[in-house]
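[1] Here you go, sequence then predicted model.
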Amino acid sequence: MTNASHVSQQQVGLYTPEQRVRRDASIWTTVQAVLAPLQFAVFLVSLVLVLRYLMNGAGYEIATVSIIAKTFLLYLIMVTGAIWEKVVFGQWLFAPAFFWEDVFSFVVIALHTLYLYGLLTGSISPDALIVIVLAAYATYVVNAGQFLWKLRAARLQSELAA
């Protein structure tokens with residue numbers, strides 16, 4: 001029996017028993033649990049400000065500040081999430097249990113980074129920047145949904161293990 005088939009036989013759900021212990025003992029689990037809802041709250045405020053700008057043309061500056069804050073939190077949660085994956089799964093990113101979430105996270109990050117690039121260089125018009133941020137926010141919502149789905153799966157797995 002190969003090592004890979006041995007692991008797959010022991011793993012039921014997202015985590016092996018050893019990974020679950022590492023997840024529960026890691027400070028990075030707590031960091032993620034704090035940052036994720038904080039980022040979502042900043043996203044909601046920012047979305048309202050962006051939509052306000054779209055509807056009446058007012059508040060571009062405050063919407064921009066909120067987008068930058070959201071982007072900063074996105075970068076922070078991505079770095080700390082990579083550390084969390086390393087602690088729990090032994091690799092920085094693309095652990096099999098979170099592969100597609102990580103792939104989609106990079107799409108979210110690419111769009112946010114494109115927004116920042118356009119903003120900082122002035123190479124993209126404000127209206128085009130708003131379109132980019134709306135695409136970034138739409139992909140963020142999908143990505144957040146992926147992680148909520150995994151959180152629910154992890155809770156169900158924990159209930160079954162108990």
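    Ah, there it is. This is a predicted model, so every value here is computed, not measured.
[2] List the buried residues in the host helix or strand of residue 88.
    Per DSSP states H and E, residue 88 falls inside helix 60-89. Neighbour-count burial for helix 60-89, with 16 or more other CB atoms under 10 Å as criterion, is recorded at 60, 63-64, 66-68, 70-71, 73-74, 77-78, 80-82, 84-85, 87-89. To be clear about C-beta, it is placed using only N, CA and C from the backbone, and glycine gets the same treatment.
[3] could you give the angle of the helix ranked longest in the chain to helix 60-89?
    Secondary structure assigned by DSSP state H gives helix 126-161 as the longest helix of the chain. Orientation check (axes from the mean of the first three to the mean of the last three CA atoms, to 10 degrees): helix 126-161 against helix 60-89 gives 30 degrees.
[4] From the contact counts, what lies against helix 126-161?
    Where contact means 3 or more CB pairs under 8 Å, 6 or more residues apart in numbering; DSSP states H and E, helix 126-161 is packed against helix 17-25, helix 27-56, helix 60-89, helix 99-121.
[5] now the third one: mean pLDDT?
    Along helix 60-89, the predicted local confidence has a mean pLDDT of 97.
[6] Please work out the angle formed by the directions of it and helix 17-25.
    Orientation note: helix 60-89 sits at an angle of 140 degrees relative to helix 17-25 (the same axes, to 10 degrees).
[7] tilt between helix 60-89 and helix 99-121?
    Interaxial angle of helix 60-89 relative to helix 99-121 (the same axes, to 10 degrees): 150 degrees.
[8] which helices and strands sit right next to helix 60-89?
    Helix 60-89 is packed against helix 17-25, helix 27-56, helix 99-121, helix 126-161, with contacts defined by 3+ CB pairs under 8 Å, 6+ apart.
[9] Which among the ones you listed is found nearest to residue 93?
    Closest to residue 93 of the helices and strands packed on helix 60-89, according to CB to CB: helix 99-121, at 5.0 Å.
[10] Can you list the helices and strands that that closest one packs against?
    By 3+ CB pairs under 8 Å, 6+ apart, helix 99-121 packs against helix 60-89, helix 126-161.
[11] right, so of those, which gets closest to residue 116?
    Nearest to residue 116, of all these, is helix 60-89, at 6.0 Å by CB to CB.
[12] circling back to that earlier point, save the helices and strands packed on helix 99-121 as a markdown table, and put in distance to residue 22 too.
    A markdown table is the format used below for those (distance: least, CB to CB, whole Å):
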| stretch | distance to residue 22 |
| --- | --- |
| helix 60-89 | 5 |
| helix 126-161 | 13 |
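[13] Any idea which of those helices gets closest to residue 110?
    The nearest among the helices and strands packed on helix 99-121, by CB to CB, is helix 126-161 at 8.6 Å.
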